[in-house]
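1. I would like the atomic coordinates for the input below:
(one chain, ligands or ions: 1)
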Amino acid sequence: MRVASAELNGCRALYAVAGMAALLLLGACGSDERALAGAHVTVHLEGNGTVCGGTVPYLDEAYGLLSDYMRVPEGRRRPVDYYFSAEASICGEDALGCAADDGRRVWARSVDLVHELAHALQHRASGDELHVFLAEGLAGALEQPSGRLITAGDYERFDEALAWTLDKVKRRDIAGDFVSYLLHVHGFERFARLFTRAPRGSSVSALTNALEDVYGKPITALVQERLASGLYFPEARLGVSECWTEPLAAQAEGWSFRVSLRCADAGVIGPVTLKPERQEWENIRYAAVEVADAGTHAVWIGPGAFSVDVAEPCAPTAYPVLERHRLNSAPSGTTLAVVDLARGRHAFRLAAPSAGANGGDSVEDPEDLQVDVRMMRMASAVDCTSGSVSIPPDVARLVLLGRPGQAALAVAFSIREARVAELTWYGVIGAEICKGACGEGACQAFNTLGSPEPELELAAGSYRLRFQYANLPRGLAALTFQTP
Ligand SMILES: [Zn+2]
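-> Numbers count the residues shown, from 1 in each chain. Modelled structure (predicted):
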């Protein structure tokens with residue numbers, strides 16, 4: 001989204017522009033305002049508002065990455081003023097943020113809106129406003145994690161996306177997906193040729209003509225090319241903000257890292273809007289790893305009330321990761337997640353509840369905001385499973401994360417002492433647990449449709465756990481162990 005603003009008697013005045021009509025939304029004099037200046041981005045706070053330690057560096061880094069990506073000339077890399085306010089009214093009731101004033105200012109209800117920085121820097125790169133479909137597609141391709149995955153079915157509404165105008169916001173994620181494809185396969189230089197050919201306000205036919213001109217084929221053929229590519233862009237984007245950072249070094253046995261999610265600490269970004277309508281916020285940070293061997297990986301996530309997105313692939317992938325594998329680690333023990341990962345870079349998104357947008361005065365950070373994460377390729381000991389793992393007593397949950405297109409996931413696990421576990425599932429159509437690492441012993445099978453979720457008494461020994469997935473965005477099945 002974009003609005004225009006003007007200086008009025010030294011105060012900021014903000015107008016939403018829809019066609020010829022301009023509406024005054026807000027005039028604000030920054031009397032009780034504080035500013036945190038980075039190299040490129042200055043974050044302005046109102047009242048006793050606060051941001052976490054890594055926020056300004058994160059926005060600064062995103063500014064640098066996006067400027068390089070969009071070839072913004074050095075002379076046009078002027079600072080951006082980023083106004084952080086929890087209030088919704090500045091950019092419109094539903095908008096999380098907006099860029100204004102030829103890219104000089106961003107207003108945002110969350111401190112991680114790389115989307116609006118992308119708008120601001122696109123303006124620096126092109127010197128002008130782009131057609132809404134292209135502008136939103138570009139910002140969508142380069143933004144923070146937030147969208148959803150687009151499939152062939154969504155492209156049936158591609159015409160609606162093309163007909164997008166400022167006052168009629170349409171199909172944001174189709175635009176993000178399509179532009180992600182254009183950028184990934186054909187590069188930014190070619191996309192930039194659209195800057196002069198499809199400015200803001202162009203008709204749909206002018207937009208499609210420009211696309212045909214630049215890419216050398218009719219728009220329908222271009223869409224066909226995108227669909228036939230077999231590429232998936234997680235959350236309809238390129239994953240710039242969390243994937244282009246330096247990945248963590250791998251040890252022989254995989255990755256092991258401890259991170260703090262305490263708001264004041266460096267590297268922590270926040271407050272990030274979780275549910276703006278409910279004023280819920282979180283502190284986040286990213287950690288990237290480079291997976292050398294594709295296959296089933298085990299991820300240990302230490303105890304605590306944290307939300308962890310397990311290692312999203314950095315775009316694109318050859319298989320669809322539709323939504324984040326949002327995983328809350330068990331409060332009283334470690335969660336062990338089992339997930340298939342493609343070769344290449346993946347990013348964790350780790351989160352903790354935040355004190356919120358209005359300052360840390362009312363809510364204290366929880367005492368212990370450290371989270372330990374360990375990840376390794378599972379031993380593929382036997383042909384009958386994707387891998388095997390020995391489960392230590394401190395593991396409270398074993399979670400199998402399926403992905404669409406994956407018919408089934410089977411792991412062998414062993415326990416040293418008898419344990420009682422509850423079997424739960426989502427997006428699973430069948431489950432089976434058998435004695436023996438290859439399932440050679442007695443089996444219990446569950447039809448998960450409408451069946452109660454069973455409690456299992458497991459003797460010490462080896463088991464094979466197998467799930468059939470239902471081709472939903474997320475397939476998730478878990479064994480939750482009772483504490484001994
Ligand atoms: Zn936008």
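
2. Can you show me the strands along the stretch 251-400 of the chain?
-> Ranges of strands in the stretch 251-400 of the chain, per DSSP state E, counting those that start in this stretch, are 255-260, 269-275, 280-291, 295-301, 307-313, 326-328, 334-341, 344-353, 370-377, 388-390, 395-402.

3. between those, which gets nearest to Ser180?
-> strand 307-313 (13.3 Å; Cβ to Cβ). Heads up, the C-betas are built off the backbone N, CA and C, glycines and all.

4. Let's check: the centremost residue of this structure is which one?
-> Nearest to the mean C-alpha position of the chain, counting by Cα atoms, centre = their mean, stands Pro145 at 2.5 Å.

5. which residue sits closest to it, ignoring its sequence neighbours?
-> Glu235 (5.5 Å; Cβ to Cβ, 6 or more residues apart in numbering).

6. So Glu156 lies in a strand, does it not?
-> No: using DSSP: H, G, I helix; E, B strand; the rest coil, the assignment for Glu156 is helix, not a strand.

7. rewinding a little: ranking the strands of the stretch 251-400 of the chain by mean pLDDT, which is last?
-> In terms of mean pLDDT, the lowest-scoring of these is strand 326-328 (a mean of 68).

8. The nearest residue to Ala287 once chain neighbours are set aside: what's it in contact with?
-> Nearest residue to Ala287 in three dimensions, chain neighbours excluded: Phe348, at 4.5 Å (Cβ to Cβ, 6+ apart). By Cβ atoms under 8 Å, 6 or more residues apart in numbering, the contact set of Phe348 is Tyr286, Ala287, Ala288, Val289, Val308, Asp309, Val310, Ala311, Glu312, Val373.

9. Give the buried subset of the residues you listed as a ChimeraX selection command.
-> Only the buried entries of the contacts of Phe348 go into this ChimeraX selection, using 16 or more other Cβ atoms under 10 Å:
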select :286,287,288,289,308,309,310,311,312,373
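
10. and the contacts of Phe348 as a markdown table, adding distance to Pro353?
-> Converted to a markdown table, these look like this (distance: Cβ to Cβ, whole Å):
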| residue | distance to Pro353 |
| --- | --- |
| Tyr286 | 18 |
| Ala287 | 19 |
| Ala288 | 23 |
| Val289 | 25 |
| Val308 | 13 |
| Asp309 | 15 |
| Val310 | 19 |
| Ala311 | 22 |
| Glu312 | 21 |
| Val373 | 18 |
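
11. Distance to the ion added to the contacts of Phe348, as TSV?
-> Output for the contacts of Phe348, formatted as TSV (distance: Cβ to the ion, whole Å):
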residue	distance to the ion
Tyr286	22
Ala287	27
Ala288	25
Val289	30
Val308	28
Asp309	23
Val310	28
Ala311	28
Glu312	22
Val373	32
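
12. So for the residue of the stretch 201-350 of the chain found nearest the ion, what's the pLDDT?
-> Closest to the ion within the stretch 201-350 of the chain is Arg237: 12.4 Å, counting by Cβ to the ion. Per-residue confidence (pLDDT) for Arg237: 90.

13. ok, now which ones touch it?
-> Gly140, Ala141, Leu142, Glu143, Pro145, Gly147, Gly176, Ser180, Ala315.
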